[in-house]
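Student: pasting the structure only:
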């Protein structure tokens, strides 16, 4: 490292050449959270609803959504895969994130959620809009 | 924390901040990116690490679902993809 | 704005583009709390297994999980191709103290359920009913299953003949039966009476309560009979197998009957030996997901 800034993890040497020994180094980019958003989506029985989250980055960022698809169970993105074809929903959750109806653009993230139950429900979510490219 | 460096989130007193309220702390590891790039089609990306690293894939923003296999082993990030362009991140993070 | 900003190598720190910024004090970074690898086992007959990663943060954290395939390759859990897990689902979710990763086959592992292909009974002398007990005197039945996925000399975990009782006699005292296998390599269909075919030495004697209202099911353990048949020199996987259910002094008008036209009717459940191992890796961040 010619010039820069780095911080070793506890117990590690600041002269180590092993990247894993550093909590941070200006030699490497670090996945950064540009913004984070918490919300709740209300869904009618078997319905689909959307949340639009603006980021205005001017490029498509990496987005990492977490959704409470069943009470006290938070999934990352869709969070699961079903082996019976290209279905994107689980049989054990009340709702799922619809990859096909969610999208990330250069200015916002549209989160589409589908209700799998016969009653109305609310789904909490937290979305991390990262500062890093998503395409 | 004896000696070290930490940076709190805006508006948070760094002297009393919990880990959640820190941007960064020298006590805590972060997701350091070794390499990032885009791909489509079938390919393998040699990550050049002596271990199997954590990785992330983004397609038009978020981690995609699909029938194309993407996995990592001790040598490569292995990708079978169609024409859809996806971005990968390989981290300096060994499990 | 006051703060700390570090740009990527070769990039002017004055740039405002987050993509070329290494660190900025107004951008949070995912901070790693813990990580780990865990494996679980699904035994034959079980459908799903769960491994748990404990974080004890007291709130729901951000996390990434990876499924470890039998080829030891890691796959990001929100991106798994169809077929890697077989049928069923692979999922992971977080709570305030743990991350749980679930491997669900969607059906019992290493278990095959065979629908009956043929019935026979000595009451009507025909192939429409599977019947045994006392109906105008002692009557016996036979049942056949085809295309058994069972290797020669294979020892199974269990084999159960699941009898569907569509109708029964008026006497609700216990049915008394003996069950034997049809001792043949690949027993033929029941277009003609199978009742004269050889019987296995292995047998099971059973008394069965008949107090439940119809329809109901009861099970007959046929493991020893099945293993005597698949140890025959002429047995091979894909062959057909049959069983006799023989009246054993049941009370008058005490019998079960299953009609071939019923759906579902009687079937054979075979659970083979073996287990499946699955693995997950979890990366748990300190960053909070839940609001509280």
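Tutor: Looks like it came in fine. Computed from a predicted structure; not experimentally measured.

Student: Could you show which parts of the stretch 101-250 of chain C are in contact with chain A?
Tutor: Those residues of the stretch 101-250 of chain C that sit near chain A, judged by C-beta under 8 Å from any C-beta of the partner chain, are C:104, C:106. In short, each C-beta sits where N, CA and C put it, glycine included.

Student: Closest approach to chain B from the stretch 101-250 of chain C, which residue is it?
Tutor: For the stretch 101-250 of chain C, the residue closest to chain B is residue C:101, as judged by C-beta to the nearest C-beta, at 13.3 Å.

Student: how many neighbours does that residue have?
Tutor: 25 (other C-beta atoms under 10 Å in any protein chain shown).

Student: repeat for the one 10 residues further on
Tutor: For residue C:111, the neighbour count with other C-beta under 10 Å is 18.

Student: Can you tell me the closest non-neighbouring residue to it?
Tutor: Excluding the flanking residues, the one nearest residue C:111 by C-beta to C-beta, 6 or more residues apart in numbering or on different chains is residue C:271, at 4.6 Å.

Student: Which strand residues bridge that neighbour?
Tutor: Going by DSSP bridges, residue C:271 is paired in beta bridges with residue C:111, residue C:158.

Student: Enumerate the residues of chain A near chain B.
Tutor: A:7-10, A:19-20, A:22-25, A:28-31, A:60-65, A:76-78, A:81, A:86, A:88, A:99, A:102-105, A:109, A:132-135.

Student: Within its sheet, name the partner strands of the helix or strand where residue C:282 lies and how each one runs.
Tutor: Per DSSP states H and E, residue C:282 falls inside strand C:275-288. Taking DSSP bridges as the criterion, strand C:275-288 forms sheet pairs with strand C:32-43 (antiparallel), strand C:61-68 (antiparallel).

Student: mind checking how far stretch A:99-114 is from the chain centre?
Tutor: Computed by C-alpha atoms, centre = their mean, to the nearest Å, the chain-centroid distance of stretch A:99-114 equals 11 Å.

Student: is stretch B:80-91 up against chain A anywhere?
Tutor: Yes. With C-beta under 8 Å from any C-beta as the measure, stretch B:80-91 is seen reaching chain A through B:85-87, B:89, B:91.

Student: related to what we said a few turns ago, and the strand holding residue C:282, what's buried?
Tutor: C:276, C:278-288 (16 or more other C-beta atoms under 10 Å in any protein chain shown).

Student: same deal with stretch C:62-76?
Tutor: C:62-69, C:73-76.

Student: What of stretch C:224-240?
Tutor: Across stretch C:224-240, burial judged by 16+ other C-beta under 10 Å covers C:224-230, C:232, C:235, C:239-240.

Student: Spatially central residue for chain B, please.
Tutor: residue B:91 (4.5 Å; C-alpha atoms, centre = their mean).

Student: Check what pLDDT the closest residue to that one other than its chain neighbours gets.
Tutor: Leaving aside its chain neighbours, residue B:91 sits nearest to residue B:54 (4.7 Å; criterion: C-beta to C-beta, 6+ apart). Here the pLDDT value assigned to residue B:54 is 88.

Student: What of residue A:87?
Tutor: 39.

Student: ok so, going back, please state the offset of the strand holding residue C:282 from the chain centre?
Tutor: 24 Å.

Student: average model confidence for it?
Tutor: Taken as a whole, strand C:275-288 has a mean pLDDT of 90.

Student: do the same with stretch C:191-206
Tutor: Mean predicted lDDT for stretch C:191-206 stands at 97.

Student: what about it, start to end distance?
Tutor: 28 Å (C-alpha to C-alpha, to the nearest Å).

Student: can you pull the buried residues of stretch B:80-95?
Tutor: B:81, B:86-93.

Student: Let me see the mean pLDDT of it.
Tutor: 81.

Student: For the helix or strand of chain B with the lowest mean pLDDT, buried residues please.
Tutor: Within chain B, no helix or strand scores below strand B:70-72, which has a mean of 81 by mean pLDDT, DSSP states H and E. Neighbour-count burial for strand B:70-72, counted by 16+ other C-beta under 10 Å, picks out B:70-72.

Student: for stretch C:171-188, same thing?
Tutor: By 16+ other C-beta under 10 Å, the buried positions in stretch C:171-188 come out as C:171, C:175-184, C:186-187.

Student: ok, residue C:42 to residue C:71 distance?
Tutor: Distance, residue C:42 to residue C:71, using C-beta to C-beta, to the nearest Å: 18 Å.

Student: wait, what's in contact with the most centrally placed residue in chain A?
Tutor: Geometric centre of chain A, nearest residue: residue A:64, 1.2 Å, by C-alpha atoms, centre = their mean. By C-beta atoms under 8 Å, 6 or more residues apart in numbering or on different chains, the contact list for residue A:64 reads A:76-77, A:127-128, A:130, B:62-63, C:62.

Student: change it to 10 Å
Tutor: A:31, A:33, A:36, A:76-77, A:126-130, A:134, B:56, B:58, B:61-63, C:30, C:62-64, C:78, C:289 (C-beta atoms under 10 Å, 6 or more residues apart in numbering or on different chains).

Student: again with residue C:70
Tutor: Taking C-beta under 10 Å, 6+ apart, one finds C:84, C:276-279 in contact with residue C:70.

Student: Next: residue C:258.
Tutor: Neighbour list for residue C:258: C:116, C:119, C:121, C:128-132, C:141, C:143, C:163-167, C:215, C:217, C:264-266 [criterion: C-beta under 10 Å, 6+ apart].

Student: pLDDT at it, what is it?
Tutor: Residue C:258 is given a pLDDT of 92.

Student: That one and residue C:129, how far apart?
Tutor: Distance of residue C:258 to residue C:129, computed by C-beta to C-beta: 7 Å.

Student: quick one: common contacting residues for the two?
Tutor: In contact with both residue C:258 and residue C:129: C:119, C:121, C:141, C:166-167, using C-beta under 10 Å, 6+ apart.

Student: from those residues, which ones fall inside strands?
Tutor: C:119, C:121, C:141, C:167 (DSSP state E).

Student: Mind giving me the ChimeraX command for buried ones among the residues you listed?
Tutor: Burial among these is assessed by 16+ other C-beta under 10 Å; the matching ChimeraX selection reads:
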select /C:119,121,141
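
Student: so where's chain A uncertain?
Tutor: Chain A contains residues with pLDDT under 70 at A:1-2, A:78-92.

Student: one more time with 80, if that's ok
Tutor: Along chain A, segments meeting pLDDT under 80 span A:1-4, A:26-29, A:77-93, A:98-101.

Student: try chain C
Tutor: Scanning chain C for pLDDT under 80 picks out C:1-3, C:8-9, C:15-16, C:21-22, C:25-26, C:69-90, C:105-106, C:126, C:260-264, C:290-292.

Student: so what's the residue nearest the centre of it up against?
Tutor: Closest residue to the average C-alpha location of chain C: residue C:108 at 0.7 Å, with C-alpha atoms, centre = their mean. Residues in contact with residue C:108 (C-beta under 10 Å, 6+ apart) are C:42-48, C:269, C:271.

Student: thinking again about what came up before, if I pick the residue nearest to residue C:111, what's in contact with it?
Tutor: For residue C:271, the contact set (C-beta under 10 Å, 6+ apart) comprises C:43-46, C:108-113, C:156-160, C:223.

Student: Counting neighbours, which of those comes out on top?
Tutor: Busiest of those [other C-beta under 10 Å] is residue C:159, holding 25 neighbours.

Student: Tell me how far that one lies from residue C:207.
Tutor: From residue C:159 across to residue C:207, the span is 20 Å (C-beta to C-beta).
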